[in-house]
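# Turn this into a model:
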Amino acid sequence: PYRGGYAINRVTGPNEFGQAVNNNWYTNFMVKWLLGYTVELMAEMKSKAPDQLADACRRTGFDDAEAEKWLDIAERMILPAEREMGIFVEQDNYLSLNPFARETLDRERDIPIEDKWPIERFQKMQFSKQPDVLLAIFLHRHRFSLEEKKNNYRFYEQRCVHTSSLSPAIHSILAAEVGRYNQAYDYYLWSSRLDLDNFNNNTDEGLHISSMAGSWMNILFGFGGMTYTGDTLSFAPIIPRQWTRYSFKFVYRDKIVKVSVDSKQVVLQLVTGDKLPARLYGEDITLSQEPVLVPLLPAFVNRPQPAAVLFDLDGVLVDTATFHYLAWKEIADQEGIYFDTHINERLKGVSRMRSLEIILERAERIYAETEKEALAEKKNTRYVEMLQQLTAADILPGINAFLDELAAAGLKTAVVSASRNAAFILERLGL
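Coordinates of the predicted model:
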């Protein structure tokens, strides 16, 4: 018992970078589900297999009182969550860890992280080796709303480094379900070509056989949209725009089921076996050896296509964070105020005046508003002077190639930035 509920402390969940953590969401959710499921199964056995249940209880010492205890634990199991963000939190202290975005990694410098980074470094950061919360959502997709799936996918996808070969496949499946179709295909390629392209920089250590199984799952559960809740098979197929058709077969209750998908329709049929109830796009159907032909979901076929791409400026097209820091550092030094890179982290994403307020927290006197305005203007003047050093060579890697791709596709581009110097920076970069 803990915090009015039940906790599981000092465990390692699917995210093996988070070791000995408290209340790993995946672990707690799976225990909650398993306890409840076991009690449900025992209740079913009371009517359908009473002798076997009595024998199992006799051998294990299990009784109704313990079953009630299990249900109480399941009901009050701690599942960390952040309500405003609409996410399930991977572990108790996850949101207190240092922020992280996968785009900051360099393949040669950082991958594989297990070899390139000390464990103390990645245990302090908000990132995962492989899906953790998202893995539980995948395994129990029918228990979560589409909004919950979207919120958690958006939050955790950018924090996952995929150094496990099991990771891209699960992300591909969930991306397809939440409508990120291009990303679903990219993750499918990552899973299927993991060793061919040496994505994780460790193919020389051996092939990732599990990733091959993941590629099959991508097609079946992702693009094929197949789910199973213990009642009936359900399908919601899509097709990547890079493909003209695909098909797969699988065995279900001694029946061979075949699913074929092209850019216009879905075809389902039994290769062997009698009739089988199923659901397609939420509608009840009956599978037989006569093909069932249904048009591809209109909402997918007619989905809106992007007309433009909006870019943030700093950290996306160019990195001017160093200039901001140096300009503030000069102001702080002139005023005799201590300022370092650690304090500078608090300035990211806040306004100029708020940044100054943070710096002045360590000042030995109170500054008048006019003084603050003068210091902020002085900082900006120095910052703009530093920006004169910018050239096209400072555009971040991959941006020019990406802009060319967008132009070739006929997509418009624009920069959305709160920076008052955005136009000047773009001029210096030649963009």
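# Just the strands from the chain, written as ranges.
With DSSP state E as the definition, the chain shows strands at residue ranges 81-82, 87-88, 227-228, 233-235, 245-252, 255-262, 265-272, 276-280, 283-287, 292-295, 308-311, 412-415.
# between those strands, which gets the lowest average pLDDT?
Averaged per stretch, pLDDT over the strands of the chain is lowest on strand 227-228, reaching a mean of 92.
# What average pLDDT does stretch 364-384 get?
93.
# ok, and what's touching it?
Here stretch 364-384 makes contact (CB atoms under 8 Å, 6 or more residues apart in numbering) with 323-324, 327-328, 330-331, 335-336, 352-353, 356-357, 360, 420-421, 424. For glycine as for every other residue, the C-beta is placed from the backbone atoms N, C-alpha and C.
# repeat that for 7 Å
For stretch 364-384, contacts defined as CB atoms under 7 Å, 6 or more residues apart in numbering pick out 323, 324, 327, 328, 330, 331, 352, 353, 356, 360, 421, 424.
# Looking at those residues, state which has the most neighbours.
In terms of neighbours by other CB atoms under 10 Å, the contacts of stretch 364-384 top out with residue 328 at 24 neighbours.
# Can you verify my assumption that that residue contacts residue 339?
Yes - assessed by CB atoms under 7 Å, residue 328 is found in contact with residue 339 at 6.4 Å.
# tell me, what's touching those two both at once?
Overlap of the contact sets of residue 328 and residue 339 (by CB under 7 Å, 6+ apart) consists of residue 359.
# could you dump the strands of the chain to CSV with distance to residue 96 and mean neighbour count?
Formatted as CSV, the strands of the chain follow (distance: least, CB to CB, whole Å; neighbours: other CB atoms under 10 Å):
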stretch, distance to residue 96, mean neighbour count
strand 81-82, 12, 12
strand 87-88, 15, 23
strand 227-228, 35, 14
strand 233-235, 39, 20
strand 245-252, 44, 13
strand 255-262, 45, 18
strand 265-272, 46, 17
strand 276-280, 43, 17
strand 283-287, 46, 14
strand 292-295, 49, 13
strand 308-311, 30, 12
strand 412-415, 33, 12
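# what mean pLDDT does stretch 51-60 have?
95.
# Put the alpha carbons of that stretch into CSV.
What follows is stretch 51-60, C-alpha atoms only, in CSV (Å, rounded to 0.1, in the frame of the first residue of the first chain):
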residue,chain,number,x,y,z
ASP,A,51,-13.9,-29.4,-10.2
GLN,A,52,-10.8,-28.0,-11.9
LEU,A,53,-11.2,-24.8,-10.0
ALA,A,54,-11.6,-26.6,-6.6
ASP,A,55,-8.5,-28.7,-7.4
ALA,A,56,-6.4,-25.6,-8.2
CYS,A,57,-7.6,-23.7,-5.1
ARG,A,58,-6.8,-26.8,-2.9
ARG,A,59,-3.3,-27.1,-4.3
THR,A,60,-2.5,-23.3,-4.0
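# chain center to that stretch, what's the gap?
Its chain's C-alpha centre and that of stretch 51-60 lie 43 Å apart, by CA atoms, centre = their mean, to the nearest Å.
# Also stretch 181-195?
Mean-position distance between stretch 181-195 and its chain equals 14 Å (CA atoms, centre = their mean).
# Could you tell me which of the contacts of stretch 364-384 belong to helices?
323, 324, 327, 328, 330, 331, 352, 353, 356, 360, 424 (DSSP state H).
# For the closest residue to residue 394 other than its chain neighbours, name its beta-bridge partners.
Spatial nearest neighbour of residue 394, chain neighbours left out: residue 318 (5.5 Å); criterion: CB to CB, 6 or more residues apart in numbering. Beta-bridge partners recorded for residue 318 (DSSP bridges): residue 314.
# For residue 318, the count of nearby residues, please.
20.
# list the buried ones in stretch 397-408?
Under the neighbour-count criterion of 16 or more other CB atoms under 10 Å, stretch 397-408 has 403, 406 buried.
# How about stretch 297-314?
Residues of stretch 297-314 classed as buried by neighbour count (16+ other CB under 10 Å): 297, 311, 313, 314.
# Any chance you could list what contacts that stretch?
238, 281, 317, 320-321, 406, 411-417, 419, 422, 425.
# Pull the distance from it to the chain's centre.
Averaging C-alpha positions (CA atoms, centre = their mean) puts stretch 297-314 19 Å from its chain's average.
# How many residues are close by the spatially closest residue to residue 46 that is not a sequence neighbour?
Among residues not flanking residue 46 along the chain, residue 53 sits closest, at 6.0 Å (CB to CB, 6+ apart). The burial count assigned to residue 53 is 18, neighbours taken as other CB under 10 Å.
# List the contacts of residue 53.
Residue 53 makes contact with 42, 45, 46, according to CB under 7 Å, 6+ apart.
# low-confidence ranges in the protein?
For the chain, residues meeting the criterion pLDDT under 70 lie at 1.
# Need the residue closest to the centroid of it.
With distances taken as CA atoms, centre = their mean, residue 157 lies nearest the centre of the chain, 2.0 Å away.
# and the gap between residue 112 and residue 408?
34 Å (CB to CB, to the nearest Å).
# Residue 145 now?
As judged by CB to CB, residue 145 and residue 408 stand 38 Å apart.
# With residue 293 instead?
36 Å.
# coming back round to it: what would the buried residues of stretch 297-314 look like in a markdown table with distance to residue 263?
Output for those, formatted as a markdown table (distance: CB to CB, whole Å):
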| residue | distance to residue 263 |
| --- | --- |
| 297 | 12 |
| 311 | 31 |
| 313 | 38 |
| 314 | 41 |
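# from those residues, which is closest to residue 170?
residue 297 (22.8 Å; CB to CB).
# Quick check: buried residues in stretch 18-26?
Here stretch 18-26 shows 18, 21, 22, 23, 24, 25, 26 as buried, counting by 16+ other CB under 10 Å.
# Show me the two of those that sit farthest apart.
Checking those with CB to CB, the most distant pair is 22 and 26, at 13.2 Å.
# what about the residue nearest to residue 117 when sequence neighbours are not counted, how many neighbours?
Once flanking residues are discounted, residue 117 sits nearest to residue 110: 7.0 Å by CB to CB, 6+ apart. Neighbours of residue 110 under the rule other CB under 10 Å: 16.
# Can you tell me how far residue 110 is from residue 161?
Distance from residue 110 to residue 161, by CB to CB: 8 Å.
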